[in-house]
Structure formats: C-alpha cells, structure tokens
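Q: Please find the sequence and the predicted model below.
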Amino acid sequence: MTAARQTSISYRILQIALPSIISNITVPLLGLVDVAIVGHLGSPAYIGAIAIGGMLFNIIYWIFGFLRMGTSGMTSQAYGQRNLHEVGYLFFRSIGVGLLIATGLLLLQYPIRLFTLTYIIHTTPEIAQLATRYFNICIWGAPATLGLYGLTGWFIGMQNSRFPMYIALAQNCVNILVSLSLVYLFNMTVEGVALGTLIAQYVGFFFGLGLWLRKYNRRQRFRLNREIINTQALYRFFNLNKDIFLRTLCLVSVTLFFTSAGAAQGEVILAVNTLLMQLFTLFSYIMDGFAYAAEALTGRYIGARNDRALHQMIRKLFLWGFYLSVAFTLAYAVGGTSFLKLLSDDMTVIHATKEYFYWATIIPLAGFAAFLWDGVFIGATATRPMLYSMFVASALFFGIYYGGCQRYANHALWLAFISYLFIRGVMQTFYSRKILPQKTNR
C-alpha cells in the first residue's frame with residue numbers, strides 16, 4: 001500500500017474521530033450546566049434532585065443506545081455497497097423504532113418513575129418530590145432523544161461525524177440560554193432546568209432533521225414505501241440490536257455495581273472512586289471518538305469488499321489507540337493528582353486517592369483495545385461475539401470482586417474493573433480472526 005493511501009486512511013480516521021470526540025466532551029455539559037444553575041438556588045435539595053433525575057435518564061437512555069450503534073453499523077455497510085435505497089430505509093427504520101420505544105416510555109412513565117424512586121434510588125422525601133417534578137417534564141423528551149440516537153448513528157454510518165457535533169453544540173447553547181432565562185428571569189427552579197433540557201432535546205432533534213433534509217434527502221430523494229417495513233430487514237435490525245441491548249445491560253450492571261460497592265465501603269471510598277473514575281471517563285471520551293471512526297470505516301470497507309483497506313485501517317486505528325493510551329498513562333502519572341485537586345478541595349479524599357491511584361493509571365493501556373474492537377465489531381455488525389465477550393468479562397468482574405473483597409476491599413473492586421476491561425479486548429482480538437474477512441490484494 002502506498003504512503004499516500006496510508007495517509008488517506010489516517011486522515012479518514014481523524015476526520016470522523018475528532019468531531020466525535022468534541023461531541024462526546026459536550027455530552028456531560030448538559031448535566032453540568034443544570035447542576036451549576038440549581039447550585040446557586042440556595043438549597044442542596046435542588047442539586048440532589050437534578051443529580052438523581054439526570055442519573056435516572058442516563059440509565060434509561062443508555063439501555064437504548066443500541067439505536068445508535070446498530071444503525072451505524074448497518075448504514076456504513078450499505079453505504080460501502082453504494083446501496084442508497086437501503087441507506088434511506090435504514091434512516092426511517094431507526095428513527096421509527098426510536099419513536100416507537102419512546103411512545104412506550106411515555107405510556108409507562110408512571111410505573112417507571114414509581115419503581116425507580118421507590119426501589120432503586122433511595123433518598124429523602126424532599127429530594128424525591130423535586131426529582132419527580134424534574135422527571136415529569138424531562139420524560140417528554142424521550143421521542144427527541146431516542147429519535148436523535150437513530151439519526152446520529154445514521155450520520156456516523158454515512159461517514160459524517162460533523163453533523164452530530166453541530167447538533168451537540170446547538171443543544172448545549174440552547175440548554176444554557178433557556179435554563180438560565182427560566183430560572184433567573186421567570187423565577188422557576190427545578191421545572192425551569194427541566195424545561196431547558198427538554199427544549200434543547202427537541203431543538204437538537206429537529207436541527208438534525210433539518211441537516212438531513214438539506215444534505216441528503218434533496219440529493220437522493222428518499223421515499224417512504226413498503227420496503228421500510230420489510231419483515232426480513234426488520235428481523236435483522238431487531239436481532240442485531242437485541243445483542244447490543246443485552247451487552248448494554250451487562251455494561252450498566254458493572255458500572256452501577258462499581259458505584260454501589262464503593263458506596264458500601266463508606267463515603268470516603270465512594271468519593272475516591274468517583275474522582276478516579278473521572279480519569280477513566282476522560283479517556284473514554286477520546287477512545288469513543290476513535291471507536292465511532294472504526295464503526296463507520298469498518299462497515300464502509302466491508303460493504304465495499306475492500307479487505308486490504310479494512311485491515312490497514314484497523315492497524316492504523318490500534319496504533320492511534322496505543323500511542324494515546326501511553327500518553328494518557330504518562331499524563332496521569334505526572335499530573336493526575338493535580339487534575340483531581342481541580343475536582344475537589346477535600347484533602348482527606350485527595351490523600352486517600354493515593355492508595356488506589358495506580359489503578360487509574362493502568363486503565364488506558366488495559367482498556368483501549370475494548371473500545372476500539374467495539375467500534376470494529378459494530379461496523380462489521382458482529383454483535384453476537386461482542387455480547388459473548390461482554391458477558392464473560394462481566395462474569396469475571398463479579399467473580400474477582402466477590403473472591404477478593406473480604407481481604408482486599410477496594411483494591412479487589414479496582415482489580416475486577418481493570419480485568420473486565422482487559423478481558424474484553426483479549427476476547428474480541430480472538431473473535432476478530434473469525435469475523436473479519438481475510439486480507440486480499442484488493
């Protein structure tokens with residue numbers, strides 16, 4: 001392969017990855033802005049209500065993240081095949097399924113709210129009441145949020161990560177302006193913040209539809225017809241997304257248990273783990289951007305049957321992942337404590353992080369392969385091996401923790417988490433030899 005072609009593949013990776021990284025970094029800003037606004041209203045109950053409400057919706061929407069991932073893989077393959085009709089059908093199928101699920105959430109909003117606030121999240125009556133008011137407004141954003149999941153996955157499948165970046169930036173601007181106006185000009189509290197989030201969600205969704213209409217529909221003239229609800233195509237869509245859904249449940253279980261197990265060891269350990277996990281979160285934003293590039297390009301090259309470019313892309317992708325992981329490890333080792341001090345001025349907690357800090361520095365090298373292989377497998381629509389890898393890794397996580405928690409306490413929890421990340425990458429490396437086409441001279 002010529003140097004020019006290698007440069008072209010590297011450019012394509014960065015062209016998709018960099019806007020995706022910017023989009024990922026803006027995601028937590030919606031929640032941070034809400035917390036910052038209510039944090040100046042004079043009662044800590046407002047902060048608690050926003051935190052609980054935000055966590056609840058994060059879990060709900062996280063579970064349905066398959067709408068983005070499944071759409072991305074199938075769309076990128078259809079794009080690589082130059083099957084523009086299937087590309088159009090996937091657009092309508094993904095958004096249609098998202099709106100259908102959102103309708104179910106709206107119909108079941110009362111039992112969902114009652115169950116979560118009664119049996120899953122335990123808090124004071126005042127915070128529960130405020131969180132209920134927040135939930136009752138934000139739940140109406142489900143159609144926009146889940147519709148946008150399908151739209152974002154479709155854009156990424158079309159090798160376009162700039163549009164999701166534009167949408168994320170627009171959502172944050174609208175959320176900040178509307179929430180500030182409702183709280184400080186109209187003297188609203190939790191309701192003002194919830195309405196700001198709700199309006200921002202719909203602005204993002206309709207802005208995304210507008211971008212689609214401008215660039216894609218006018219060029220390709222997609223039309224609604226019976227093929228959109230083709231039984232065989234819908235079966236493949238749901239079968240693929242079923243695997244991703246079950247994988248996400250495992251991921252959510254590990255994440256929630258990690259927080260719960262830390263909390264059971266006392267507030268200092270909970271605070272320590274929360275701070276150290278910010279280092280993982282920061283790294284994940286970067287790796288997710290490259291995973292999105294892997295989704296788009298893997299599907300494209302498989303669809304085009306360009307096996308040589310596919311393997312070259314994967315090699316370049318993992319070089320980027322390795323170099324960035326080394327850079328993050330060194331950065332955390334040198335300046336990680338200083339970064340934690342920006343997040344907390346509680347020196348008791350900062351001092352307590354030193355005992356566990358080395359675990360956080362291992363995360364990049366232990367986990368980067370899992371992120372990148374996830375992108376490759378989604379692009380290849382090889383969701384079953386992805387599910388198997390996640391299931392084994394989750395079982396290993398719980399086995400290591402319960403096997404060592406009595407003796408090693410929080411160290412056992414971190415060892416379990418590091419092992420969970422690492423084994424996912426190892427298993428997917430093994431499976432990749434089976435699911436990826438062999439390299440040819442094309």
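A: Looks like it arrived, so ask away. Residues are numbered from 1 along each chain as shown.
Q: Output the below-cut-off pLDDT ranges for the stretch 151-300 of the chain.
A: Applying pLDDT under 70 to the stretch 151-300 of the chain picks out residues 218-230.
Q: And the helices in it?
A: Ranges of helices in the stretch 151-300 of the chain, per DSSP state H, counting those that start in this stretch, are 162-184, 190-212, 218-220, 231-263, 267-303.
Q: Give the buried residues for stretch 163-174.
A: Buried residues in stretch 163-174, defined by neighbour count with 16 or more other Cβ atoms under 10 Å: 163-172, 174. For every residue, glycine as well, the C-beta is placed using N, CA and C.
Q: In CSV, list the C-alpha atoms belonging to that stretch.
A: Below are the C-alpha coordinates for stretch 163-174, written out as CSV (Å, rounded to 0.1, in the frame of the first residue of the first chain):
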residue,chain,number,x,y,z
PHE,A,163,-23.4,16.9,11.9
PRO,A,164,-23.6,15.1,15.4
MET,A,165,-21.0,17.6,16.6
TYR,A,166,-23.1,20.6,15.3
ILE,A,167,-26.2,19.1,17.0
ALA,A,168,-24.4,18.6,20.3
LEU,A,169,-23.1,22.2,20.3
ALA,A,170,-26.5,23.6,19.4
GLN,A,171,-28.2,21.6,22.2
ASN,A,172,-25.8,22.9,24.8
CYS,A,173,-26.2,26.5,23.7
VAL,A,174,-30.0,26.3,23.8
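Q: what's the closest of the helices of the stretch 151-300 of the chain to residue 406?
A: Taking Cβ to Cβ as the measure, these were each checked against residue 406, and helix 231-263 came out nearest at 12.5 Å.
Q: buried sites along the closest one?
A: Judged by neighbour count (16+ other Cβ under 10 Å), helix 231-263 contains these buried residues: 233, 237, 240-241, 243-251, 254, 257-258, 261-262.
Q: Outline the domain layout of the protein.
A: Taking automatic domain parsing as the criterion, the chain consists of the domains 16-229, 231-442.
Q: Relative to the whole chain's centre, how far out is the longest one?
A: Meaning domain 16-229. Centre-to-centre, domain 16-229 and its host chain are 12 Å apart (Cα atoms, centre = their mean, to the nearest Å).
Q: what's the answer for the last one, then?
A: Its chain's average C-alpha position is 11 Å from that of domain 231-442, according to Cα atoms, centre = their mean.
Q: which ones are touching residue 277?
A: Contact analysis of residue 277 by Cβ atoms under 8 Å, 6 or more residues apart in numbering lists residue 258.
Q: of all the helices of the stretch 151-300 of the chain, which lies closest to residue 76?
A: Proximity to residue 76 (Cβ to Cβ) singles out helix 267-303 among the helices of the stretch 151-300 of the chain, at 2.6 Å.
Q: Next secondary structure element downstream of that closest one?
A: Once helix 267-303 ends, the next helix or strand along the chain (criterion: DSSP states H and E) is helix 307-343.
Q: Now do that following helix against helix 267-303, angle only.
A: Angle, helix 307-343 to helix 267-303, by axes from the mean of the first three to the mean of the last three Cα atoms, to 10 degrees: 160 degrees.
Q: who does helix 307-343 touch, helix- and strand-wise?
A: The criterion is 3 or more Cβ pairs under 8 Å, 6 or more residues apart in numbering; DSSP states H and E, and the helices and strands that helix 307-343 contacts are helix 3-38, helix 267-303, helix 347-353, helix 357-379.
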